[in-house]
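S.K.: okay, structure incoming, though there's no sequence with it:
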């Protein structure tokens, strides 16, 4: 098994799920378990300026590098709280022949539902045992960056730019950049290594907002509720019914945005609904936010005895326009992955990365692939060959930067 896959497997078994309900940074202390492992490994490699902040951001610099632009590499250590992440038990499916992979608890991975899985027919596919997610998002990116640092240090004669790295917490809950020190990082341009299929370099992400609802009703014994009860659970159901089903994640693709009700909880007295809004255009996002406000006003009119509160907050923005100002970041990456002997395209990631926010903090950032799919689920997988291609593509990209100086 390749060194990058072995490294990934070591990281995958460290539980690092973030916690959206925690106000701390990192949101879960277990993220420090992996960060401290990485800190020790960076020091052992001979990296410079290794620093782990009290808020869980780990920085380092590769020795050497040609004068010119400094290139940053970023991956996040946390895994999504959307699926179980404690006790990850990786499974290796060697000599995979393209069949449906059956895991425990009835979990299956069908290549027909994946964009690029059949590329790895005859190779090794890595999954969890079906009881948890795998954590390829983004421990694959962590492993790829660590292997790249090792390669650069062991081969100082290779042309490369000055390279800095950062490993962040809480990307999955939208807080990866909250305590990020741009000056300490020191990059002019950066790549997040947080994508999926190896055929895509991403230069755009969604614009993203959260829309959190708090509904207050009036509880009373149901036997005497006529004309008195105001049921917050019913109002929450009405809220979701008023949203456009054709614009929810399961019915959208490509450059289409969505409104996603992802959490609901409540009683007659009070209910909570969490919604996320996604759109590639500013105009589209404005329309989605206005629609939420219209629903709020409608519910207040339909249920005058209730209190309906809507709190909307920006999470990140599409960096596409920023990346158009200097095409080298994307063009060098496209060429680097083409040199791996694959067809590659510039694309738009239907999600967000730390790079979405970092681009608006003064460091234009594109996103590179890792070779996996079906993230945030127990069906998550990554291929050994995919990791190898992603690693080689990044090496090629850095070499192109170095030779351009």
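M.R.: Noted; the coordinates are in hand. This structure is a prediction, so every number in the text was calculated from the model and none was measured.

S.K.: grab the nearest non-local neighbour of residue 114.
M.R.: Ranked by CB to CB, 6 or more residues apart in numbering and with sequence neighbours excluded, the top spatial neighbour of residue 114 is residue 373, at 5.0 Å. C-betas here are computed from N, CA, C, even on glycine.

S.K.: swap in residue 148?
M.R.: residue 394 (5.5 Å).

S.K.: over to residue 233?
M.R.: Distances taken as CB to CB, 6+ apart place residue 266 nearest to residue 233, at 5.0 Å, with adjacent residues excluded.

S.K.: which residues are in contact with the one you found?
M.R.: By CB atoms under 8 Å, 6 or more residues apart in numbering, the contact set of residue 266 is 215, 232, 233, 236, 272.

S.K.: okay, now the unreliable bits of the protein?
M.R.: Within the chain, the set of residues satisfying pLDDT under 70 is empty.

S.K.: so what strands line up beside whichever strand or helix holds residue 382?
M.R.: Element membership for residue 382, per DSSP states H and E: strand 381-383. For strand 381-383, sheet partners with direction are given as strand 125-127 (antiparallel), strand 372-373 (antiparallel), following DSSP bridges.

S.K.: let's have these in a markdown table, adding mean neighbour count.
M.R.: Below are the strands paired with strand 381-383 laid out as a markdown table (neighbours: other CB atoms under 10 Å):
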| stretch | mean neighbour count |
| --- | --- |
| strand 125-127 | 24 |
| strand 372-373 | 28 |
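
S.K.: just send the ones you listed back as a markdown table, with distance to residue 161 too.
M.R.: Shown next, in a markdown table, are the strands paired with strand 381-383 (distance: least, CB to CB, whole Å):
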| stretch | distance to residue 161 |
| --- | --- |
| strand 125-127 | 31 |
| strand 372-373 | 27 |
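
S.K.: who's in contact with the residue positioned nearest the centre of the chain?
M.R.: By CA atoms, centre = their mean, the mean C-alpha position of the chain lies nearest to residue 353, the distance being 5.1 Å. Taking CB under 8 Å, 6+ apart, we find residue 353 in contact with 171, 192, 194, 202, 205, 365, 367.

S.K.: tell me which two in those are the farthest apart.
M.R.: The distance between the two most remote of the contacts of residue 353 (CB to CB) is 14.7 Å, for 171 and 202.

S.K.: rewinding a little: dig out what the residue nearest to residue 114 forms beta bridges with.
M.R.: In this structure, residue 373 bridges to residue 381 when assessed by DSSP bridges.

S.K.: confirm for me that it is in contact with residue 386.
M.R.: No. Contact between residue 373 and residue 386 fails when scored by CB atoms under 8 Å: they sit 9.0 Å apart.

S.K.: what is in contact with those two at once?
M.R.: Here residue 373 and residue 386 share the contacting residues 116, 197, scored by CB under 8 Å, 6+ apart.

S.K.: what comes up buried for stretch 58-67?
M.R.: Neighbour counts over stretch 58-67 (16 or more other CB atoms under 10 Å) mark 58, 59, 60, 61, 62, 65 as buried.

S.K.: what do you get for stretch 318-325?
M.R.: Within stretch 318-325, the residues that count as buried by 16+ other CB under 10 Å are 318, 319, 320, 322, 323.

S.K.: distance of the closest residue in space to the last one that isn't next to it in sequence from residue 145?
M.R.: Okay, so that is residue 323. In space, not counting the residues next to it along the chain, residue 323 is nearest to residue 203; the distance is 4.8 Å by CB to CB, 6+ apart. When CB to CB, to the nearest Å is the yardstick, residue 203 and residue 145 sit 20 Å from each other.

S.K.: ok, residue 54 next?
M.R.: For residue 54, the distance to residue 145 (CB to CB) stands at 22 Å.

S.K.: more crowded one of those two?
M.R.: Set residue 54 next to residue 145 and count neighbours by other CB atoms under 10 Å: residue 145 wins out with 27 against 9.

S.K.: the more buried one falls within a strand, correct?
M.R.: No. Using DSSP: H, G, I helix; E, B strand; the rest coil, the secondary structure at residue 145 is helix, not a strand.

S.K.: got the contact list for it?
M.R.: With the criterion set at CB under 8 Å, 6+ apart, residue 145 makes contact with 73, 74, 75, 165, 167, 193, 394.

S.K.: reformat these as CSV; add neighbour count and secondary structure.
M.R.: As requested, the contacts of residue 145 are arranged in CSV below (neighbours: other CB atoms under 10 Å; DSSP: H, G, I helix; E, B strand; the rest coil):
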residue, neighbour count, secondary structure
73, 25, strand
74, 32, strand
75, 28, strand
165, 27, strand
167, 27, strand
193, 27, strand
394, 25, helix
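
S.K.: now flag whichever of those residues is closest to residue 313.
M.R.: Comparing every one of the contacts of residue 145 with residue 313 (CB to CB), the shortest separation belongs to residue 74, at 22.9 Å.

S.K.: quick check: the closest one touching residue 357?
M.R.: No. With contacts counted by CB under 8 Å, residue 74 stays clear of residue 357, the gap being 11.0 Å.

S.K.: about what we covered before: buried subset of the contacts of residue 266 as a ChimeraX selection?
M.R.: Command for ChimeraX that selects the buried part of the contacts of residue 266, burial taken from 16+ other CB under 10 Å:
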select :215,232,233,236
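
S.K.: and the two most separated of the contacts of residue 266?
M.R.: The largest separation in the contacts of residue 266, counting by CB to CB, is between 233 and 272 at 10.6 Å.

S.K.: circling back to that earlier point, in strands, which of the buried residues of stretch 58-67 appear?
M.R.: Of the buried residues of stretch 58-67, the ones assigned to strands by DSSP state E are 58, 59, 60, 61.

S.K.: how about the helices in this structure?
M.R.: According to DSSP state H, the chain carries its helices in the segments 3-12, 31-45, 136-154, 182-185, 232-242, 282-302, 320-323, 328-338, 354-359, 384-404.
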